[in-house]
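>>> Sharing a model prediction with you, sequence too.
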Amino acid sequence: MKTKTGKRTVNPTDAFRKEQRRKELNRNKKERKRVREEAIGNKDLESLRDKIQEFVELEEQGRLDKTKKAQKRKLEETYEIVLKKYKEENPDDTQFDELPGPRLMSLPGAVGMAGPVRKTLPTPQDSVYYHPIENPLGLPPAGKPQKWKSHFLALVDIKAPVI
């Protein structure tokens, strides 16, 4: 049934049921969110950090498959949420400031983020495929391995850096 303006009319009973269903779904959504936040609030930052570090070590060894990558991403998201709550409760504590990540200190000559580490990390200009207009990211063609200019390899003093 249509009105003069072309809009469809809905039976008032059906409209009421639809509204009640929408309200129920919103209540359920809020309840699930509250339960999830309570569960996350009980997690320990140390254990989360240790688990993430295990995944980082697996990633460095190249043994991180698709499911473990998803687990790592989920742990990182959980860590961020727990850390945010922890920071709200303890604003002066800096114990858990950063997530564990790939160890930059494993590069030869690395001193710290302010020191020579930046020089040892490859830039697009260090790639043999770099071109300022056609390939500004220095990415290799499909199916080709990444290659670096000899000055970069001499600077780092390793055979092939892993990115």
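Great, that's in hand.

>>> okay, CA-based contacts and neighbour counts for the rest of this
Will do.

>>> Before we move on, what's the pLDDT of Glu77?
Note on Glu77: pLDDT of 86.

>>> okay, now it: neighbour count?
12 (other Cα atoms under 10 Å).

>>> For it, grab phi and psi.
Dihedral pair for Glu77: phi -60, psi -40, per degrees, to the nearest 10.

>>> Give me the distance between it and Gln61.
For Glu77, the distance to Gln61 equals 23 Å [Cα to Cα, to the nearest Å].

>>> go on, Glu46?
Relative to Gln61, Glu46 is positioned 23 Å away (Cα to Cα).

>>> and what of Lys68?
Distance from Lys68 to Gln61, counting by Cα to Cα: 13 Å.

>>> the more surrounded of the two?
Of the pair Lys68 and Gln61, Lys68 is the one with more neighbours under other Cα under 10 Å, namely 14 against 9.

>>> element containing the spatially most central residue of the chain?
The residue lying closest to the centre of the chain (Cα atoms, centre = their mean) is Arg73, at 5.7 Å. Taking DSSP states H and E as the definition, Arg73 sits inside helix 66-89.

>>> neighbouring contacts of that helix?
For helix 66-89, the surrounding residues in contact (Cα atoms under 8 Å, 6 or more residues apart in numbering) are Ile40, Gly41, Lys43, Leu45, Leu48, Arg49, Lys51, Ile52, Phe55, Asp93, Phe96, Leu99.

>>> Can you go through the residues you listed and name the buried ones?
Buried members of the contacts of helix 66-89, scored by 16 or more other Cα atoms under 10 Å, are Gly41, Leu45, Leu48, Arg49, Lys51, Ile52, Phe55.

>>> Same list (the residues you listed) but as TSV, adding pLDDT.
Formatted as TSV, the buried ones among the contacts of helix 66-89 follow (pLDDT from 0 to 100):
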residue	pLDDT
Gly41	74
Leu45	84
Leu48	88
Arg49	88
Lys51	91
Ile52	91
Phe55	91
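
>>> got the buried residues for stretch 22-42?
For stretch 22-42, the neighbour count (16+ other Cα under 10 Å) marks Gly41 as buried.

>>> swap in stretch 78-95?
So, applying 16+ other Cα under 10 Å, buried residues of stretch 78-95: Thr78, Tyr79, Glu80, Val82, Leu83, Tyr86.

>>> Could you work out the most separated pair of these?
The distance between the two most remote of these (Cα to Cα) is 12.1 Å, for Thr78 and Tyr86.

>>> quick one: Ser150 from Pro136, how far?
Counting by Cα to Cα, the gap from Ser150 to Pro136 is 19 Å.
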